[in-house]
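1. Provided below are the primary sequence and the corresponding predicted coordinates.
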Amino acid sequence: MAPSFDDRSSLFNFVVRDGNGVKGMVDLGLSKVPQAYMQPPKERIDKQNASKQEQPPIDLSRLGGPDHDEVAREIVRAAETLGFFQVVNHGVPVELLESLKDTAHNFFSLPPERKAIYRTEVSPTPLVKYGTSFVPEKERALEWKDYISMQYTSEAEALEHWPIECREVALEYLRTSIGMVRKLLEVLMINLGVKPEDSKIDALIDKKMINMNFYPTCPNPDLTVGVGRHSDMGTLTVLLQDGIGGLYVKIEEDIDFGKKGEWIEIPPTPGALVINVGDMLQVLSNGKYKSAEHRVRTTSTKSRVSIPIFTIPKPTEKIAPLPQVVEKDGIALYRDFVLADYMNNFFGNAHDGKKSLDFAKINSA
Ligand SMILES: O=C(O)CCC(=O)C(=O)O
Ligand SMILES: [Fe+2]
């Protein structure tokens with residue numbers, strides 16, 4: 001018999017503990033969203049009143065050519081304002097983007113038992129984690145999302161431990177994206193006055209995680225969120241979204257295309273990848289680059305997939321605003337800390353906008 005989804009603990013057991021996910025619940029047939037997923041009014045996403053980001057994607061093939069400086073300025077400006085931009089000619093083959101989306105759909109169509117072997121409590125490897133929502137134990141309202149997360153340590157370990165259904169395409173995505181991430185970081189670091197030889201880019205992207213997010217169709221998209229307001233904790237995120245849309249970013253400060261505090265949709269753009277600044281880059285740049293607050297809407301018509309690569313410094317890395325920037329600014333806005341401590345705090349709490357950065361903020365600043 002189907003469990004009663006009106007009762008939070010039986011819902012929790014079915015969706016979270018037994019690994020059926022939101023997908024398992026939706027597959028049983030739902031005419032309305034269970035209470036556990038209903039967001040308070042201030043967290044709901046008003047689709048009607050949000051505008052779309054209209055900036056064309058940045059063409060990365062122009063880096064290193066005669067237009068290099070102009071493209072570099074576009075990248076810097078995007079990182080300093082919205083903290084989100086799209087790129088094309090990024091070096092990741094367009095056919096691979098299609099395979100990634102198909103792979104994500106195929107993976108989440110597997111029977112629940114096949115996915116549930118990767119639940120944190122039982123996963124045969126610490127590198128792979130399958131789950132739902134973000135931190136279900138701590139959330140007042142759950143997020144309408146299932147995910148599989150794959151941590152990269154080496155090719156050999158990925159080939160051995162990542163789920164067989166996704167390992168080849170996920171690895172190829174990582175291999176072909178990382179060069180682009182390095183180039184973007186080079187541009188962003190040089191703009192901060194850091195010499196390329198001092199920029200320690202490898203240390204900033206030492207840890208890499210690929211997630212496949214699955215947002216099943218939802219009977220009440222107006223009451224739920226796919227992902228609640230958050231910023232990403234790492235350095236830069238590369239994100240592939242499909243054609244459905246629903247990714248919204250909060251405008252940090254007045255810019256040509258919007259006012260501070262408004263939410264703007266990053267429109268799906270065929271062949272493009274989305275890039276966003278994470279908390280670590282905001283700290284390193286002493287607040288110049290914006291780790292943007294973002295969230296995801298659900299849809300009633302089609303399930304959506306998105307596939308982010310999170311680049312993160314080494315867990316033992318000491319993070320602090322770069323001396324070159326602090327010297328210029330005359331003040332440090334963030335204290336120094338060890339990355340692992342920041343991560344524990346980030347993954348130990350429900351999503352709450354940019355509150356994660358309070359961990360490092362110097363309040364008197
Ligand atoms: O699904 C999306 O478009 C964004 C997902 C996201 O923000 C995340 O996984 O951190
Ligand atoms: Fe995110």
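-> That came through fine. Numbering: from 1, shown residues only. Ligands and ions are numbered 1, 2, ... in the order given.
2. Return the residues of the protein in contact with ligand 1.
-> For the chain, the residues in contact with ligand 1 (CB under 6 Å from any ligand atom) are 211, 213, 227, 232, 239, 241, 247, 294, 296, 306, 308. C-beta: built from backbone N, CA, C; applies to glycine.
3. Could you list which of the residues you listed belong to strands?
-> Where the residues of the chain next to ligand 1 overlap with strands, as defined by DSSP state E, the overlap consists of 211, 213, 227, 239, 241, 247, 294, 296, 306, 308.
4. Look at the residue lying closest to the fifth one once chain neighbours are set aside and say how many residues are nearby.
-> Read it as Q241. Leaving aside its chain neighbours, Q241 sits nearest to S306 (4.6 Å; criterion: CB to CB, 6 or more residues apart in numbering). By other CB atoms under 10 Å, 26 other residues sit near S306.
5. S306 pairs with what?
-> Partner residues in beta bridges with S306: N213, Q241, with DSSP bridges as the criterion.
6. Which residue does the stretch 201-350 of the chain have closest to ligand 1?
-> Minimum separation of the stretch 201-350 of the chain from ligand 1 (CB to the nearest ligand atom) falls at S306, amounting to 3.2 Å.
7. What's the per-residue pLDDT of that residue here?
-> We note a pLDDT of 98 for S306 in this prediction.
8. Do I have it right that it meets I244?
-> No - assessed by CB atoms under 8 Å, S306 is found out of contact with I244, at 9.2 Å.
9. follow-up on the earlier one: return the residues in contact with the residue of the stretch 201-350 of the chain closest to ligand 1.
-> Taking CB atoms under 8 Å, 6 or more residues apart in numbering as the definition of contact, the neighbours of S306 are 213, 215, 239-242, 247, 296.
10. what about V274, is that helix, strand or coil?
-> Using DSSP: H, G, I helix; E, B strand; the rest coil, the secondary structure recorded for V274 is strand.
11. which one is it nearest to, not counting chain neighbours?
-> L239 (4.1 Å).
12. Touching, that neighbour and T269? I think so.
-> No - under the contact definition of CB under 8 Å, L239 does not touch T269, with a separation of 11.7 Å.
13. For those two, indicate the residue with more neighbours.
-> For L239 and T269, the more surrounded residue by other CB under 10 Å is L239, and the numbers stand at 21 against 16.
14. tell me which element the nearest residue to L110 once chain neighbours are set aside is part of?
-> With sequence-adjacent residues excluded and distances taken as CB to CB, 6+ apart, L110 is closest to E165, at 6.9 Å. Secondary structure assignment for E165, by DSSP states H and E: no helix or strand.
15. And E165, how far from V227?
-> In this view, E165 and V227 are 23 Å apart by CB to CB, to the nearest Å.
16. So these two - more neighbours on which side?
-> More crowded of E165 and V227, by other CB under 10 Å: V227, with 23 against 19.
17. shouldn't that one be in contact with F134?
-> Yes - assessed by CB under 8 Å, V227 is found in contact with F134 at 7.2 Å.
18. Find residues that contact each of those two.
-> Looking at what touches both V227 and F134 (by CB under 8 Å, 6+ apart), the common residues are 143, 351.
19. Okay, buried residues for the host helix or strand of E327 please.
-> E327 is part of helix 323-329 when elements are defined by DSSP H and E. Buried positions in helix 323-329, judged by neighbour count with 16 or more other CB atoms under 10 Å: V325.
20. Just give the number of residues close to the nearest residue to K314 once chain neighbours are set aside.
-> With CB to CB, 6+ apart as the criterion, K314 has its nearest non-adjacent residue at 4.1 Å, and that residue is D206. Residues near D206, counting by other CB under 10 Å, number 18.
21. Same question for the one 10 residues further on.
-> Other residues within reach of P216, judged by other CB under 10 Å, total 22.
22. Enumerate every residue touching the spatially closest residue to it that is not a sequence neighbour.
-> Distance criterion CB to CB, 6+ apart; nearest residue to P216, sequence neighbours excluded, is V26 at 4.3 Å. By CB under 8 Å, 6+ apart, V26 lies in contact with 216-218.
23. can I get those residues in JSON lines with pLDDT and secondary structure?
-> Rendered in JSON lines, the data for the contacts of V26 read as follows (pLDDT from 0 to 100; DSSP: H, G, I helix; E, B strand; the rest coil):
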{"residue": "P216", "pLDDT": "98", "secondary structure": "coil"}
{"residue": "T217", "pLDDT": "97", "secondary structure": "coil"}
{"residue": "C218", "pLDDT": "97", "secondary structure": "coil"}
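24. Much appreciated, bye for now.
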